[in-house]
Every structure is written in structure tokens, then in C-alpha cells.
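Q: model the following, please.
(one chain, ligands or ions: 1)
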Amino acid sequence: MARDKKIIIGNWKMNLNVHESSLYLHKLSNLVKAHRDIEVVLAPSMLALQSLSLQVNLRQFKLAAQNFYWRDHGHFTGEVSASQLRGVIQYAIVGHSERRHVFYETDKDIRNKVAAAIRNDIRPILCIGETAWERSAGETVDVLRDQLIGGLSNITSDELKHVIIAYEPVWAIGMGQNAMPSDVDKAQKAIRRQIEHLYGTKASESLSILYGGSVTADSAGGYLAIEGIDGLLMGAASLDAYAFSGIVEKAHKGSDVAIK
Ligand code: PEP
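A: Numbering: from 1, shown residues only. Okay, here's the model as predicted:
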């Protein structure tokens, strides 16, 4: 998919039960306008996905899983596979820092999930980003390179067309401490350089890269103004219907100050 749309993703994390999720989707439906140039993706809890898939207007919102297991079926008690989610969701978040750091997901798990999503017609949103320690040690570019290689090593250049990358510095997620647009710009350039090295110039230029990490209604415009940033992945702001719908409008209208 070319970079013809901005992608705005709301990660509801472990918030809202099934009933609350349905009410919240109803509220968002009244507030968020559908625009041809914007893809709005909602990632509710696994439990709510099935019912929301029956309620959602797919021209207004797409659905994403926050997680899944990479094998298609078998003896894996408690897990849900991408093949079971096929048809229910259009996107899946893979390698979120909370999965890497709280649940110890490895690069091997993550690359298997990227591949599982693609073979089940689900677009993976591969999250990558450095910790505070790695940042202060000047290792950001190395971490991004390692996580890209780790997450994409099963993926052909044809399959890469379905992958979205989310740059999510770990130190900025859920902390209220967001990155400077200039740092995000440097990171997206480093990601494109690495993709160019792995898959060539065309792949690098057509890759959608999002920013995520404590985005608010006030800070969103600064990231959306970066030429190489194709949208936002938000946690907290996605649970505030007015902030979220306002950010969708900002993405639609664009920004005056473009960072080249
Ligand atoms: C996230 O969950 O990916 C995220 C960016 O969360 P927050 O916006 O709350 O930092």
C-alpha cells in the first residue's frame, strides 16, 4: 500500500470491558468523521473485537488486535491465532514495547507474528523503539536497525508492502514525556535508510512510518507535519473521544509547518 493515507491508531490497551467498548465505539462514530485520506484504526481488547466487528462501520474505522499468537492452530491453551482473527480485524499491533518488556517477547516471536499476520491477510503494525538507557548511550539507530532486522527477517519485499512501522521510543510511551519532532524525524530517516539497505529505495520510500509515545491533541500536529511520518499510534489520547477525533481532523487537514 502506498503512503496515500495518514493512519491514526488508537490502542485501548487493557481498558474498557465489552459493554464499555461498544458504548465508546458508538461515541467515536458520532465524533470521528470519515475521510478518504485517513485510515482510523481502533485496537480494543481481544474480548471486544468480535462484537465490535459486527458494530463497526468499516468505512469509518478499521479494527486491530493488540496481540495474537503466531501459530495458526494447535495445543496452545489460552492463545488466539491470527487465523482465528482473520476477517474480524484488518490490522494487528506486533512487538509493542509492553509486550517486549513486560511479557518478554523476543525478536523470534515478533518476526513469527509479522509473518503470521501477513499470511492471514492482516496488516502488521511493527513497533520498534529504544529504551531511555539505549537513548542516553547513543544507541537509538542501532536499536532500530536490530529490531527491523529481527522483526522483518521472514518478510519478502512483496510482503513488506503490507507492513507498517511504528516508531515508539519506550521512554515516551505512557510517560507523558513525548519525543521532539526533530528526534522523530531523525528516527524515521534512520528507519528508511535501513529499509533501503534491506529492500531498496522504492520499498523505503513507500513504507508507512508512524510515531507513538504520549501524543496529545496539542503535540499531534508537530509529528504529523514531518514529511516522513504517516500517522500516529496513541494509547491514552485514544481513550479521550474528543482528543482522538480532534487528532483525526488534524491529520486530515494537514499542517502548515512541514519538516523536510
Ligand atoms: C502506545 O500504547 O503505543 C502508546 C503510544 O501509548 P501512549 O500514547 O499512552 O504513550
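Q: the residue of the chain positioned farthest from its centre: what secondary structure?
A: The C-alpha centroid of the chain is most remote from His75, which lies 29.0 Å away (C-alpha atoms, centre = their mean). Per DSSP: H, G, I helix; E, B strand; the rest coil, the secondary structure class of His75 is coil.
Q: which residues does Gln55 contact?
A: Applying C-beta atoms under 8 Å, 6 or more residues apart in numbering, we find Gln55 in contact with Ser22, Leu25, His26. Using the backbone N, CA and C atoms, a C-beta is placed for each residue, glycine as well.
Q: typo on my end, Ser29
A: When contacts are counted by C-beta under 8 Å, 6+ apart, Ser29 is found next to Asn57, Gln60, Phe61.
Q: export only the CA atoms of stretch 232-241, formatted as PDB.
A: Listed in PDB are the C-alpha atoms of stretch 232-241, where the atom choice follows Å, rounded to 0.1, in the frame of the first residue of the first chain:
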ATOM      1  CA  LEU A 232       0.200   8.300  14.900                       C
ATOM      2  CA  LEU A 233      -0.200   5.400  17.300                       C
ATOM      3  CA  MET A 234      -1.800   6.500  20.600                       C
ATOM      4  CA  GLY A 235      -2.700   5.000  23.900                       C
ATOM      5  CA  ALA A 236      -4.000   7.500  26.400                       C
ATOM      6  CA  ALA A 237      -5.200  10.000  23.800                       C
ATOM      7  CA  SER A 238      -7.300   7.300  22.100                       C
ATOM      8  CA  LEU A 239      -9.400   6.900  25.200                       C
ATOM      9  CA  ASP A 240     -10.500  10.600  25.100                       C
ATOM     10  CA  ALA A 241     -13.000  10.700  22.300                       C
END
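Q: what comes up buried for it?
A: Of the residues in stretch 232-241, those with enough neighbours to count as buried (16 or more other C-beta atoms under 10 Å) are Leu232, Leu233, Met234, Gly235, Ala236, Ala237, Ser238, Leu239, Ala241.
Q: next: stretch 138-155.
A: Thr140, Val141, Val143, Leu144, Arg145, Gln147, Leu148, Gly150, Gly151, Leu152, Ile155.
Q: and for stretch 21-30?
A: The neighbour-count criterion (16+ other C-beta under 10 Å) identifies Ser21, Ser22, Tyr24, Leu25, Leu28 as the buried residues of stretch 21-30.
Q: keep only the buried residues of stretch 232-241 that also lie close to the ligand.
A: Of the entries in these, the ones placed beside the ligand under the rule of C-beta under 6 Å from any ligand atom are Leu233, Met234, Gly235, Ala236, Ala237.
Q: ok, back up a step: closest one of the buried residues of stretch 138-155 to the ligand?
A: When the buried residues of stretch 138-155 are compared for distance to the ligand, the smallest value, 14.7 Å, is given by Gln147; criterion: C-beta to the nearest ligand atom.
Q: all helices for the stretch 1-150 of the chain, in order.
A: In order along the chain, the stretch 1-150 of the chain carries the following helices (DSSP state H, counting those that start in this stretch): 18-31, 46-55, 82-85, 97-101, 107-119, 132-136, 140-152.
Q: that concludes my questions; thank you for your assistance.
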